[in-house]
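*Asks:* Fold the following.
(2 chains)
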Protein chains: 2
Amino acid sequence: MPDTHPPRDIPATLLAQLRAIVGERGLLTDPTDTAPYAEDWRHLYRGRTPAVVRPADVAELAAVMRACAAAGVPVVPQGGNTSMVGGAVPAEDGSEIVVSLARMHRIRDVDAVDLTLTIEAGATLKAAQNAAAEAGCLLPLSIGSEGTAQVGGILATNAGGNNTVRYGNARDMVLGLEVVLPDGQVWNGLRRLRKDNTGYCLRQLFVGAEGTLGIIAAAVLKLVPRPRETEVALCAVPSPEAALQLFTRFQGHDPAAVQAFEYMSGMGMSFVLKHIPGASLPLAAPAAHYALVELATPRPNAGLRAAMEQVLEGALEAGIVADAVIAESDGQRAALWRLREEHSEAQKREGASVKNDVSVPVSKVPELIRRASEACARLMPGIRVVPFGHMGDGNIHFNLEQPVDMDAAAFLARDHEIMDTVCVVVRDLGGSFSAEHGVGKLKPYMMPEWRGGAELELMQRIKHAIDPGNLMNPGKVLP
Amino acid sequence: MPDTHPPRDIPATLLAQLRAIVGERGLLTDPTDTAPYAEDWRHLYRGRTPAVVRPADVAELAAVMRACAAAGVPVVPQGGNTSMVGGAVPAEDGSEIVVSLARMHRIRDVDAVDLTLTIEAGATLKAAQNAAAEAGCLLPLSIGSEGTAQVGGILATNAGGNNTVRYGNARDMVLGLEVVLPDGQVWNGLRRLRKDNTGYCLRQLFVGAEGTLGIIAAAVLKLVPRPRETEVALCAVPSPEAALQLFTRFQGHDPAAVQAFEYMSGMGMSFVLKHIPGASLPLAAPAAHYALVELATPRPNAGLRAAMEQVLEGALEAGIVADAVIAESDGQRAALWRLREEHSEAQKREGASVKNDVSVPVSKVPELIRRASEACARLMPGIRVVPFGHMGDGNIHFNLEQPVDMDAAAFLARDHEIMDTVCVVVRDLGGSFSAEHGVGKLKPYMMPEWRGGAELELMQRIKHAIDPGNLMNPGKVLP
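*Replies:* Numbers count the residues shown, from 1 in each chain, chains lettered A, B, ... in the order given. Below you'll find the model as predicted:
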């Protein structure tokens, strides 16, 4: 339960100042109102905060930051609060103020010639996608939480998703940023330029910094022309190696059309078929491994269906694909994607699971799957390996499901052991312990081992240079 | 003439240390040997240096940096020395040591599945392109100086070029970096990951920093599959507005195929036809404006020729294009490109010129050309306006040629006045004073006006945090 007393170490004068800046509507101090902002959506982290400030524009945001800086009170920026790693949750001791961007959600500009969208941080990713679509364009970033996640959070965490294979991560869509710095200064870097070599690339420092260097207030995002044709196929493949070979065949054919290339295991698919109402496998028989491929292109009369068939026929002949189905309608395309997207939900219903958001070079994905599966089976006989995800960009959600007869709590008690087992393989393959979810509150302890030495020292120097008082989202990212 | 006495403020003990690290072959101290490294290729900047150090590997480079840091002696990193803005020239007073990367040019790895090239900083861009081509891939970065410019310099200056419209700038090709820091620490960030959210994005800080934060020793670059079809067309267009409309038609048709979209003025073309031996215009009549478009794709049987014809026919009917020619062979493609690439040489032969490497949002290019042309004509009657360049990414080389009867020296004496006249328009259109050439030694004085306030303060804080002794390429980028 949230504490009903405001913690004593936030000065009342600061709360009065904040109220004067954002008005009654912009300031929440009642514990019933603030509690939802102090807990993450997965209910893994619960903090406490004496106040949630909701500025209506960048001027208010800057004034809020100036006031907090002057009072020496730390702030936690919060967008849609969909972090997987507790990145937007305030500390347990109630010493931090949450700054919600939710009221700053204007679309400032869409330009179909420049292919740019200028939008405020509090707009949802879905709203950003819609604004792009209305201008005949595509914002090529899509993640499960896009109806709730906000642009500012998407950028602060450098979100990835299914389309990274084609368009890169959120980082790759940013042309310009407006950022409020820890001391309340506003950096207006909302430039719409494709070339601009005038000093250090500050925008890429704030993207992915998870709110530890400043608060993103608005951004200029790159758009692309909207696809005219889309094809989706589900393939049964004999092995992860075959899935990779199929991927390279699509990449070698028409890389600009490869919108997504996902891997799923037979185990994960069986959970989906068992637990998700209406889910069915449109293939003759279950397989040990699957690939889901989406092709899309803005070219008119591109003949994408024929291209899909041509690559799949070649792969069938070569024994790389055992069976495949191409969706015939939007409904079928959605149904195929659902088999992939319900993996997390199905796993949850099957029992307790331990998750690893890891990445390796694309060419090493089959080796990752093989070696990490073997290592986990050695660690815990009966453990069920459920790797799935973005094979095309090397990011596998290497999840482990409890043995059938094991107690869930006993399984979860060994979560760090399991994670370490996976990470040993990831590290040996030159991979990363956090591919797309970020570091947040969950993984700073891993930073010294994985990014220690000169790299972590550089990060700490930069943090200290930009936020000398350590007032921006303390305890996140850096150990 | 270079001074024949080593300047007194480089300690002899340091030179001895450097000799011990890199050996006789790796250290140049004879003024005849060091002079070429102390001057830029355009002969605009000449400095002096007591020593050029040429480490053979990253361990030697790190030892060199440690020694220089301990002695408090500044270093100037130098690649191919093709900077347009004096970015690699040491100071006039001989107080700086040049560190040449030329001996560190190994290709460490090429991977056609991961589409990555791991290469040392001293390899030329051409060598990098060749290594990619041998693996059936393309390194999609091409600039005029690619035979001389080195990978490290290309990254340190975030080079652009003709293909930015399709593939972005050098920055967009970097997956990983190895950097030697000012204190001699080595940051090995040579990761080959498409997703890796583990703290601040350090690589993008060193890319474009022009050697003021550390020395790039090696990089992992993204490759793409090699094109199978290429088509090039030269179009006479009635106006810059029509050129932009033609660009949006190509973008709307098949954006992934638009490899380059260049603009040229009638004036610039007339200089090329007049001064460049063998240059000829393959159109019925000269025009006031031209567009050069290159399409390319790795798709087999893509029918790119038909696509080119289709878009051009529509544009001819709509009056956007007055006349056009599509190259029929590699030789013809090269000849069309030559008309564009000889612009600088032709301008030089025509007389004195003042150059502006500026950018605006793509949609504003026609307005830039119109308004800046008018402003320059008002400033100096008879001045000849020669804008040309990368319309597809908004980067125009807005060059001005002296009036026919004016004295060259009198014209050049007014260079700042002319540059300011262009810059007023650029600024009003939300543009940049340095699109692809960088800041170097030429333009730090412009930083306070264009990037002043919070932005420049952030840059200075970062510089101080990473290079507290100001030993890395002092006097470049920051004022």
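
*Asks:* So which bits of the stretch 51-200 of chain A are right by chain B?
*Replies:* A:111, A:113-116, A:157-158, A:160, A:164-165, A:168-169, A:171-172, A:181, A:185-189, A:191-200 (CB under 8 Å from any CB of the partner chain). For the C-beta atoms, the positions are set from N, CA and C on the backbone; glycine is no exception.

*Asks:* of those residues, buried ones?
*Replies:* By neighbour count, with 16 or more other CB atoms under 10 Å in any protein chain shown, these hold A:111, A:113-116, A:157-158, A:160, A:164-165, A:168-169, A:171-172, A:181, A:185-187, A:189, A:191-200 as buried.

*Asks:* Restricted to helices, list those.
*Replies:* Taking DSSP state H, the ones among those that sit in helices are A:164-165.

*Asks:* what about A:Asn470, distance to A:Pro74?
*Replies:* Using CB to CB, to the nearest Å, A:Asn470 is found at 7 Å from A:Pro74.

*Asks:* More neighbours: those two, which one.
*Replies:* Set side by side, A:Asn470 and A:Pro74 show more neighbours around A:Pro74, with 21 against 15, by other CB atoms under 10 Å in any protein chain shown.

*Asks:* Could you tell me the phi and psi values at the more buried one?
*Replies:* phi -70, psi 150 (degrees, to the nearest 10).

*Asks:* Pretty sure it sits against A:Asp467.
*Replies:* No - counting by CB atoms under 8 Å, A:Pro74 stays clear of A:Asp467, with 9.7 Å between them.

*Asks:* Point out the residues in the stretch 301-450 of chain A that sit beside chain B.
*Replies:* A:359-363, A:390, A:393-395, A:430-439, A:447, A:450.

*Asks:* mind running it again at 10 Å?
*Replies:* Neighbours of chain B within the stretch 301-450 of chain A, by CB under 10 Å from any CB of the partner chain: A:301-303, A:307, A:310, A:357-365, A:389-390, A:392-395, A:430-440, A:443-444, A:446-447, A:450.

*Asks:* among these, which are in strands?
*Replies:* A:357-359, A:389-390, A:395 (DSSP state E).

*Asks:* Put together JSON lines for these, with pLDDT on each row.
*Replies:* JSON lines is the format used below for those (pLDDT from 0 to 100):
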{"residue": "A:Asp357", "pLDDT": "96"}
{"residue": "A:Val358", "pLDDT": "98"}
{"residue": "A:Ser359", "pLDDT": "98"}
{"residue": "A:Gly389", "pLDDT": "97"}
{"residue": "A:His390", "pLDDT": "98"}
{"residue": "A:Asn395", "pLDDT": "98"}
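
*Asks:* Identify, from those, the entry nearest to A:Ile216.
*Replies:* A:Asp357 (22.2 Å; CB to CB).

*Asks:* one step back: overlap in contacts, A:Pro74 and A:Asp467.
*Replies:* A:182, A:473-474 (CB atoms under 10 Å, 6 or more residues apart in numbering or on different chains).

*Asks:* residues of stretch A:227-236 that come out buried?
*Replies:* When burial is assessed from 16+ other CB under 10 Å, stretch A:227-236 yields the following buried residues: A:227, A:229, A:231-236.

*Asks:* before we move on, the earlier item: which one (most neighbours) among the shared contacts of A:Pro74 and A:Asp467?
*Replies:* A:Asn473 (31 neighbours).

*Asks:* Now for the closest residue to it other than its chain neighbours: which residues touch it?
*Replies:* Leaving aside its chain neighbours, A:Asn473 sits nearest to A:Gly211 (4.2 Å; criterion: CB to CB, 6 or more residues apart in numbering or on different chains). For A:Gly211, the contact set (CB under 10 Å, 6+ apart) comprises A:75-79, A:83, A:87-88, A:99, A:152-153, A:156-157, A:440, A:472-473, A:476-477.
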